[in-house]
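In: Predicted model, plus sequence, below.
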Amino acid sequence: QRRVHGALKYWQTQRLRISHYCTIGLPQCLSSAGYSCGCTITALRKAIVTVHIMKRTVDFSVSDSNGVETEVPSKLLDRRSRECPYLDTINRSVLDFDFEKLCSVSLSNLNVYACIICGKYFQGKRSGTHAYTHSVQLLHHVFINLDTQRFYCLPDNYEVIDSCLDDIKYVLNPTYSRRHILSLDSNTKSSRAFDGTIYLPGVVGLNNIKANDYFNVVMQCLSLIPPLRNYFLEPSNYNRLKSKPGEQLRLLSQRFGEAVRKIWNPNNFKAHVSPHEMLQAVVLCSEKRFQITQQADPIDLLSWFLNSLHLSLNGKRSRDSSVVYRTFQGSLRCWSQKILPVELDDSQKRRLLATEAYRETVTESSFLYLTMDIPPPPLFKAEIEENIIPQVPLYALCSKFDGVTNKEYKTFKDNSTKRYQLTHLPPYLIIYLKRFIKNNFFVEKNNTIVNFPIKGVDFGELLVADEDVRKAHPNTTYDLVANIVHDGEFAKGTYRCHILHKGTGKWFEVQDLHVQEVLPQMITLSESYIQFWELQTETNTPS
């Protein structure tokens with residue numbers, strides 16, 4: 001016994017640094033294994049401690065001078081992992097996993113850990129790294145690996161295993177079951193954030209970092225579309241898609257899926273989401289066409305984003321190649337004919353009409369949104385005060401696609417007239433009301449109010465008179481589900497949106513972080529810019 005006590009006293013003055021960034025003393029190993037006698041001082045001094053880490057279990061083997069190994073269970077490590085004394089220092093109110101996962105010191109995205117006491121990101125956990133230094137200087141001991149979602153205690157460097165940390169894992173990476181996804185549109189329950197704020201999942205504010213309100217309204221509307229939302233709530237749908245080496249568009253679908261899962265998270269620590277990572281992906285994939293610090297047009301962003309998202313999902317030209325085309329793509333027929341010069345006589349006009357260049361051509365094309373041209377406002381104000389702000393019904397704008405109304409288009413080469421008629425109506429129809437007109441000097445906004453009902457709009461009259469097309473569209477009635485509004489001038493204006501929460505049947509007005517309930521009658525009085533319409537079906541269940 002004196003020999004064993006002497007050996008333990010010797011090893012108490014020295015600690016063995018072993019592989020896998022673990023540091024442990026031999027006396028603790030021997031005492032935990034129940035060694036009390038049978039070991040000489042020479043054998044103990046020559047003992048070799050090895051670590052075998054496999055499937056998150058740590059086993060020790062002690063070999064004596066003769067090379068005979070004896071397994072030593074790691075009771076001490078198990079006890080520390082299950083009984084970490086620093087769990088009460090965790091501050092959930094400062095945790096924010098929405099920002100880009102970069103080390104706050106080195107700006108590296110490799111092996112990043114988040115301090116769940118102050119919320120800052122640091123790299124590494126071994127001795128000398130930024131996370132290790134932070135834990136020693138500020139006595140912040142509990143960290144989470146942002147990739148593996150495993151918790152560690154620094155500087156002791158052991159894994160922390162406790163069920164009370166599951167809510168932090170869920171906020172970092174929300175997951176949804178198929179049953180939960182199918183019940184989102186029928187959910188009427190509100191959620192309570194960690195700070196006590198009451199919110200509805202799916203109706204949360206988005207942080208305006210500087211001038212990204214144009215992005216926030218598009219993100220709010222797209223995250224509300226059930227087929228698109230349900231597809232991106234399951235990461236297995238798009239994480240396994242193959243992409244070309246060096247292709248950046250795959251990052252777009254991953255970041256969009258993360259943003260949608262956070263917007264619909266019922267267990268958020270706060271009642272808003274910061275789209276910082278999604279914005280960084282948009283800036284990178286668009287080659288800085290869209291910026292965080294400079295406002296852009298939402299219709300330009302929407303057009304680019306839908307096509308890029310389709311390509312990131314390995315979409316092709318066919319309608320069924322991606323969830324984007326299945327949800328938004330429609331088709332139309334276009335009749336085009338060049339305009340004859342005015343200075344020609346009748347005989348010359350007849351000769352030109354007989355040529356191939358001036359014959360009427362018919363083409364089929366697809367679309368992701370329909371552009372409605374708002375008539376220009378009158379030059380002079382009306383005498384009656386009620387007619388100072390011009391108004392136009394939505395049905396009058398839809399006459400552009402009735403197959404009869406001709407519209408003149410001018411180019412540098414020639415002028416032509418075109419008329420359109422729809423051949424396929426998508427499940428979700430996007431209508432773009434063209435309010436901004438660019439002239440030789442500046443961009444002018446048309447403030448005309450477009451009157452429209454929010455339910456029961458029939459677009460069946462815009463379909464071609466073909467029996468097969470009519471049979472393929474038994475339902476042609478749409479309901480409004482989202483509406484983007486522009487307020488103010490072109491360069492100095494702001495964007496907000498109206499979204500419908502299907503579970504409660506209530507309309508909400510969302511402008512960045514501000515969310516408030518609004519009456520449906522107030523939606524038609526706004527200067528609508530982009531509208532999202534849902535096709536009525538028998539059940540309207542999410543696909």
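Out: Perfect, I can see it now.
In: you'd agree residue 170 is up against residue 267?
Out: Yes. Residue 170 lies in contact with residue 267 (Cβ atoms under 8 Å); the separation is 5.6 Å. For every residue, glycine as well, the C-beta is placed using N, CA and C.
In: who's in contact with residue 391?
Out: When contacts are counted by Cβ atoms under 8 Å, 6 or more residues apart in numbering, residue 391 touches 448-451.
In: For it, list each beta-bridge partner.
Out: Following DSSP bridges, residue 391 is listed with bridge partners residue 449.
In: list the residues that contact both of residue 170 and residue 267?
Out: With Cβ under 8 Å, 6+ apart as the test, residue 170 and residue 267 reach no residue in common.
In: mind listing what residue 296 touches?
Out: Applying Cβ under 8 Å, 6+ apart, the residues near residue 296 are 214-215, 289-290.
In: related to what we said a few turns ago, widest-spaced pair of the contacts of residue 391?
Out: 448 and 451 (10.0 Å; Cβ to Cβ).
In: any common contacting residues for these two?
Out: By Cβ under 8 Å, 6+ apart, the residues touching both residue 448 and residue 451 are 391-392.
In: Between those two, which has more neighbouring residues?
Out: residue 448 (18 against 14; other Cβ atoms under 10 Å).
In: roughly how far apart are that one and residue 297?
Out: 18 Å (Cβ to Cβ, to the nearest Å).
In: Next: residue 315.
Out: From residue 315 to residue 297 the distance is 24 Å (Cβ to Cβ).
In: more crowded one of those two?
Out: When neighbours are counted by other Cβ under 10 Å, residue 315 and residue 297 differ, and residue 315 comes out ahead with 19 against 16.
In: name the element that one belongs to?
Out: Counting by DSSP states H and E, no helix or strand carries residue 315.
In: Excluding chain neighbours, give the residue nearest to it in space.
Out: residue 322 (3.4 Å; Cβ to Cβ, 6 or more residues apart in numbering).
In: Do I have it right that the one you found meets residue 313?
Out: Yes. Taking contacts as Cβ under 8 Å, residue 322 lies within contact range of residue 313: 4.4 Å.
In: Point out where the protein drops to low pLDDT.
Out: Flagging of the chain using pLDDT under 70 yields the residue ranges 1-78, 246, 380-387, 538-543.
In: again, only this time at 50
Out: The chain contains residues with pLDDT under 50 at 7, 9-77, 541-543.
In: Which secondary structure state is assigned to residue 167?
Out: helix (DSSP: H, G, I helix; E, B strand; the rest coil).
In: Residue 267 is in contact with that one, correct?
Out: Yes. Counting by Cβ under 8 Å, residue 267 is a contact partner of residue 167 at 6.3 Å.
In: What about residue 396, how many residues nearby?
Out: Residue 396, neighbours per other Cβ under 10 Å, totals 13.
In: That should have said residue 115, apologies.
Out: 24.
In: Starting from residue 159, give me the distance back to it.
Out: 16 Å.
In: got the contact list for the nearest residue to residue 457 once chain neighbours are set aside?
Out: Counting by Cβ to Cβ, 6+ apart, residue 457 lies nearest to residue 478, which is 5.1 Å off, once chain neighbours are set aside. Contacts for residue 478 were tallied using Cβ under 8 Å, 6+ apart; they are 429, 457-459, 533-536.
In: Show the end-to-end separation of stretch 100-115, please.
Out: End-to-end distance for stretch 100-115, by Cα to Cα, to the nearest Å: 15 Å.
In: nope, stretch 501-518 is what I was after
Out: End to end - Cα to Cα - stretch 501-518 spans 12 Å.
In: next one: stretch 396-403
Out: With Cα to Cα applied, stretch 396-403 spans 14 Å between its terminal residues.
In: what's the answer for stretch 179-195, then?
Out: Span of stretch 179-195 from end to end, Cα to Cα: 28 Å.
In: what's the neighbour count on residue 521?
Out: 9.
In: would it count as being in a strand?
Out: No. Per three-state DSSP, residue 521 lies outside any strand segment and is helix.
In: these two touch, right, residue 216 and residue 208?
Out: Yes. In this structure residue 216 lies within contact range of residue 208 using Cβ under 8 Å: 6.5 Å.
In: Could you measure from residue 327 over to residue 271?
Out: 28 Å.
In: again, but for residue 504
Out: Using Cβ to Cβ, residue 504 is found at 16 Å from residue 271.
In: Which one's more surrounded, the two?
Out: residue 271 (20 against 15).
In: Would you state the helices of the stretch 351-500 of the chain in chain order?
Out: Using DSSP state H, counting those that start in this stretch, the helices found in the stretch 351-500 of the chain span residues 394-397, 467-471.
In: Same list (the ones you listed) but as JSON lines, adding distance to residue 306.
Out: JSON lines is the format used below for the helices of the stretch 351-500 of the chain (distance: least, Cβ to Cβ, whole Å):
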{"stretch": "helix 394-397", "distance to residue 306": "22"}
{"stretch": "helix 467-471", "distance to residue 306": "24"}
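In: right, so these: which one is the most enclosed?
Out: Of all the helices of the stretch 351-500 of the chain, helix 394-397 carries the top mean neighbour count, a mean of 16, counting by mean count of other Cβ atoms under 10 Å.
In: Counting by contacts, list what that helix packs against.
Out: strand 370-373, strand 449-451 (3 or more Cβ pairs under 8 Å, 6 or more residues apart in numbering; DSSP states H and E).
In: can you list the ones you listed in JSON lines and add distance to residue 411?
Out: Converted to JSON lines, those look like this (distance: least, Cβ to Cβ, whole Å):
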{"stretch": "strand 370-373", "distance to residue 411": "17"}
{"stretch": "strand 449-451", "distance to residue 411": "28"}
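In: quick one, which of the ones you listed is nearest to residue 339?
Out: Nearest to residue 339, of the helices and strands packed on helix 394-397 and by Cβ to Cβ, is strand 370-373 at 18.2 Å.
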